[in-house]
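S.K.: Sequence plus predicted model, see below.
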Amino acid sequence: MSTSEASTRKHTALPKVQTLIEALPWLTRHHGRTVVIKFGGNAMVDEELKAAFAQDVVFLRHAGLRPVVVHGGGPQISKQLDALGLESQFRAGLRVTTPETMDVVRMVLAGQVQRELVNLLNQHGPLAVGMTGEDARIMAATRHFAEIDGEAVDLGRVGSITSVDTGAIEALLDDGRIPVISSIAHSADAGDGGVFNVNADTAAAALAAALGAETLMVLTDVEGLYADWPRSDDVISELTASQLEKLLPELASGMVPKMEGCLYAVRGGVHTARVLDGRVPHSILLEIFTDEGIGTMVVPDAVPEPRPQAPDDLRTQQRNAEGPA
Ligand SMILES: Nc1ncnc2c1ncn2[C@@H]1O[C@H](COP(=O)(O)OP(=O)(O)O)[C@@H](O)[C@H]1O
Ligand SMILES: CC(=O)N[C@@H](CCC(=O)OP(=O)(O)O)C(=O)O
């Protein structure tokens, strides 16, 4: 190879190296951190997007993060129910789940959507392992009663999570795997023996808090939380937990479990919870490794600055250090 050929090749490769170097502060900051990514059924719109999602998750894993995928599949469940001649009914944003519906929910989530995601991730190596909240008793739930017009309404086999055991997920993460979790819980009541249908946003938030995740990312089919939906498409880019709490009563349908989940996660110690547009290819990498943050980010309330130590405090400390008289 001539000297001029070598220098041309070096030159053309430089922008790629530049991109990698630019990612270095983000790689350093997130190394070893757990990230819970919720992939909503509405964001799984086409094959290319699903493949890009899998690439992003595998990239995170190879970059030293610990990604956990929690998936939904609402539209896919509705389609299957429809094919079986069963009606989909939602109340307070949750699917009314008869025992017959529960069988379909379990079949579609664990047998179809989860399998597809595991398969896509495993195109890149033996990484993904699929489970539901039933496996190793990861998620326990009791019957959820929705509050509608001040009344507690029974939605059938819809569950409220009562406890999370992260042991099996941590073991997989420690082994370098990517857990892919379907939002089904076992019954906390030993005598019940059944399973519960849990909203996937709620499940992702509960797992993020229990895992002490750094970030919860919720991928959906809108740009983020709209300030005045459906009248305007102005996205709220950042808000604190308290600001979100005030906004919750005004939110509609699909956004309610998402934003309640973000609030729960952040109040439970997760550093940031984000709602992202899953229709944007590589939205996860854009969010984590660049400063072009997209979507809505929920952050904890500002912690008050520690009070400057007064001379009196210092004296008390000195006395304590000396031990009891
Ligand atoms: N304030 C809001 N901002 C954005 N979307 C909203 C808002 N209120 C309600 N929505 C609706 O919530 C939907 C997302 O929730 P959902 O359909 O459950 O998605 P997923 O399947 O990703 O969980 C959006 O497509 C939109 O129609
Ligand atoms: C209780 C309840 O409503 N469960 C949801 C579970 C799937 C889900 O949440 O999927 P998305 O994230 O795609 O909406 C359902 O049956 O549709």
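M.R.: Good, I have the coordinates. Numbers count the residues shown, from 1 in each chain. Ligands and ions are numbered 1, 2, ... in the order given.

S.K.: how about the helices in the stretch 1-150 of the chain?
M.R.: Listed in chain order, the helices found in the stretch 1-150 of the chain under DSSP state H, counting those that start in this stretch are 3-22, 24-30, 47-62, 74-83, 99-108, 114-121.

S.K.: Leaving out sequence neighbours, find the closest residue to the closest residue to ligand 2 within the stretch 151-300 of the chain.
M.R.: Relative to ligand 2, the nearest point of the stretch 151-300 of the chain is residue 200 (3.4 Å; Cβ to the nearest ligand atom). To be clear about C-beta, it is placed using only N, CA and C from the backbone, and glycine gets the same treatment. Leaving aside its chain neighbours, residue 200 sits nearest to residue 72 (3.5 Å; criterion: Cβ to Cβ, 6 or more residues apart in numbering).

S.K.: same deal with residue 98?
M.R.: Per Cβ to Cβ, 6+ apart, closest to residue 98 is residue 156, 5.2 Å.

S.K.: quick check, the host helix or strand of the one you found touching ligand 2?
M.R.: Using DSSP states H and E, residue 156 falls within strand 151-164. Yes - against ligand 2, strand 151-164 shows contacts by Cβ under 6 Å from any ligand atom at residue 158.

S.K.: repeat for stretch 101-110
M.R.: Yes - for stretch 101-110 and ligand 2, the contact criterion (Cβ under 6 Å from any ligand atom) is met by residue 105.

S.K.: Tell me, how many residues neighbour the closest residue to ligand 1 within the stretch 201-325 of the chain?
M.R.: Taking Cβ to the nearest ligand atom, ligand 1 has its nearest neighbour within the stretch 201-325 of the chain at residue 254, 2.1 Å off. Using other Cβ atoms under 10 Å, residue 254 is surrounded by 18 other residues.

S.K.: check contacts around it.
M.R.: Neighbouring residues of residue 254 by Cβ atoms under 8 Å, 6 or more residues apart in numbering: 42, 93, 220.

S.K.: Who are the contact partners of the residue lying closest to the first one once chain neighbours are set aside?
M.R.: Distances taken as Cβ to Cβ, 6+ apart place residue 221 nearest to residue 42, at 3.9 Å, with adjacent residues excluded. Applying Cβ under 8 Å, 6+ apart to residue 221 gives the contacts 40, 42-43, 45, 277-279.
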